[in-house]
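[1] Predicted model and sequence below, questions to follow.
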Amino acid sequence: MIEFDDGRRAIAQRVEAASSPPVRAAVSWGDDELRRCASCLMALSSSDRAITACVQLPDAALPRCASICASLSAAVDRRRVRVVAMGDTSFGSCCVDEVNALHIAADAVLHVGHACGT
């Protein structure tokens, strides 16, 4: 049996989701994480070769992305490391998004939060 839908169910579900309270993600980002990540990125770069590093967070933690990118940019030599925020993942939040990183020719992906490893 083929079922046809004029979109009313999807619209109702979207309205319900939009009115739900925001989900808070427990993402640990402090001075220790900042130092470790900045150190790794500086080690990947060199005086004659700059790198691009993408920062990927779980969807629920995206409001913190700007502050994380700003703190990371301030901790590295901006002539050697360009920090870019990835705000849209191709798969789940736990999947490292190598596809989007390849689109901007990134040299590194900084995945903050749980990673499934697939």
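    Noted; the coordinates are in hand.
[2] So which residue is dead centre in this structure?
    Central residue of the chain (C-alpha atoms, centre = their mean): Gln56, 1.5 Å from the mean position.
[3] hang on, it packs against Asp97?
    Yes - under the criterion of C-beta atoms under 8 Å, Gln56 makes contact with Asp97 at 5.6 Å. Every C-beta, even on glycine, is put in place using the N, C-alpha and C of the backbone.
[4] buried sites along the longest helix belonging to the chain?
    The longest helix of the chain (DSSP state H) is helix 31-44. In terms of neighbour count (16 or more other C-beta atoms under 10 Å), helix 31-44 has its buried residues at 33-34, 37-38, 41.
[5] Give the rounded mean pLDDT of that helix.
    The pLDDT scores in helix 31-44 average 91.
[6] Then stretch 110-118?
    On average, stretch 110-118 scores 80.
[7] Now do the same contact list for the residue nearest to the centre of the chain.
    86, 89, 96-97, 109-112 (C-beta atoms under 8 Å, 6 or more residues apart in numbering).
[8] What of Val84?
    So Val84 contacts 52-55, 69, 104, 106 (C-beta under 8 Å, 6+ apart).
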